[in-house]
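**Student:** can't give you the sequence, but here's the structure:
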């Protein structure tokens, strides 16, 4: 069984047992929660029994467990203008939450 969920302004294709990194969620490690915004659900994974939401499915929920909270790799943002003595260097580390998909109901 596969589903497409929406969280943090992004969409993820998930199935039971998957571990994904999503935008930071304010949920403690080890807690279980549900994704309510399910956009698509395929019962068998073969494409024959597909339910598509308009825009979301009301009767399908995806249960997940928070594994960890963390920060991604550091990105360097460097701006430079030639002949003007302008340069700016800053870094950014995006926060994320790693979740494990337990079931699709």
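**Tutor:** Everything's here; your move. These figures come from a predicted structure and were not determined experimentally.
**Student:** residue ranges with poor pLDDT in this structure?
**Tutor:** Applying pLDDT under 70 to the chain flags no residue at all.
**Student:** for the helix or strand hosting residue 88, which positions count as buried?
**Tutor:** For residue 88, the element it lies in under DSSP states H and E is strand 86-92. By 16 or more other CB atoms under 10 Å, strand 86-92 has no buried positions at all. (Glycine included, C-beta is placed from N, CA and C.)
**Student:** name the helices or strands packed onto it?
**Tutor:** Secondary-structure packing of strand 86-92 (3 or more CB pairs under 8 Å, 6 or more residues apart in numbering; DSSP states H and E): strand 75-81.
**Student:** show the subsequent helix or strand relative to the strand holding residue 88.
**Tutor:** Later in the chain than strand 86-92, the nearest helix or strand by DSSP H and E is strand 95-104.
**Student:** ok, back up a step: can you tell me the strand partners of the strand holding residue 88 and which way each runs?
**Tutor:** Sheet partners assigned to strand 86-92 using DSSP bridges are listed as strand 75-81 (antiparallel).
**Student:** find the centremost residue of this protein, please.
**Tutor:** When CA atoms, centre = their mean is applied to the chain, the residue found nearest the centroid is residue 22 (3.1 Å).
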